[in-house]
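>>> sequence unknown, structure follows:
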């Protein structure tokens, strides 16, 4: 079966949303464990709370996974292992 361009694009978007949900869920869990607020993280990132909310919103795929990874890395959070099918 041949997957059309738009079908493939839709599939990639769904994959990006799924990955972002995992990463943002991990970030939220780590924030709770460290007892750090969104405002504190936004201040340390030198950004606004609204921008951080966009970062954490799994439906906003315009925020890159690299940005989420940078946030996790710079705050000492350990991202979950994500396995891709072989």
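Okay, I see it. Remember, it's a predicted structure, so these values are computed and weren't measured experimentally. Residues are numbered from 1 along each chain as shown.

>>> CA atoms for contacts and neighbours, from now on please.
Noted.

>>> how about the helices in this protein?
With DSSP state H, the ranges of helices along the chain come out as 5-34, 38-44, 49-56, 65-74.

>>> Could you list every helix and strand in contact with the second one?
In terms of contact count using 3 or more CA pairs under 8 Å, 6 or more residues apart in numbering; DSSP states H and E, helix 38-44 is assigned the packing partners helix 49-56.

>>> The helix it packs on - contacts with which helices or strands?
helix 38-44.

>>> So which bits of the helix it packs on are buried?
By neighbour count with 16 or more other CA atoms under 10 Å, helix 38-44 contains the buried residues 38, 41-42.

>>> Let's have those residues in a markdown table, adding pLDDT and distance to residue 54.
Formatted as a markdown table, the buried residues of helix 38-44 follow (pLDDT from 0 to 100; distance: CA to CA, whole Å):
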| residue | pLDDT | distance to residue 54 |
| --- | --- | --- |
| 38 | 87 | 12 |
| 41 | 83 | 13 |
| 42 | 85 | 11 |
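
>>> will you turn these into a markdown table that also has distance to residue 74?
Output for the buried residues of helix 38-44, formatted as a markdown table (distance: CA to CA, whole Å):
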| residue | distance to residue 74 |
| --- | --- |
| 38 | 15 |
| 41 | 10 |
| 42 | 12 |
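
>>> of the residues you listed, closest to residue 31?
Checking these against residue 31 by CA to CA gives residue 38 as the nearest, at 8.1 Å.

>>> who's in contact with that closest one?
Shown in contact with residue 38 (CA atoms under 8 Å, 6 or more residues apart in numbering): 49, 52.

>>> If I average pLDDT within each of the helices of the chain, which one is lowest?
Ranked by mean pLDDT, the helices of the chain end with helix 65-74 in last place, scoring a mean of 73.

>>> For that helix, name the packing helices and strands.
Using 3+ CA pairs under 8 Å, 6+ apart, helix 65-74 is in contact with helix 5-34.

>>> So which elements touch the helix it packs on?
The criterion is 3+ CA pairs under 8 Å, 6+ apart, and the helices and strands that helix 5-34 contacts are helix 65-74.
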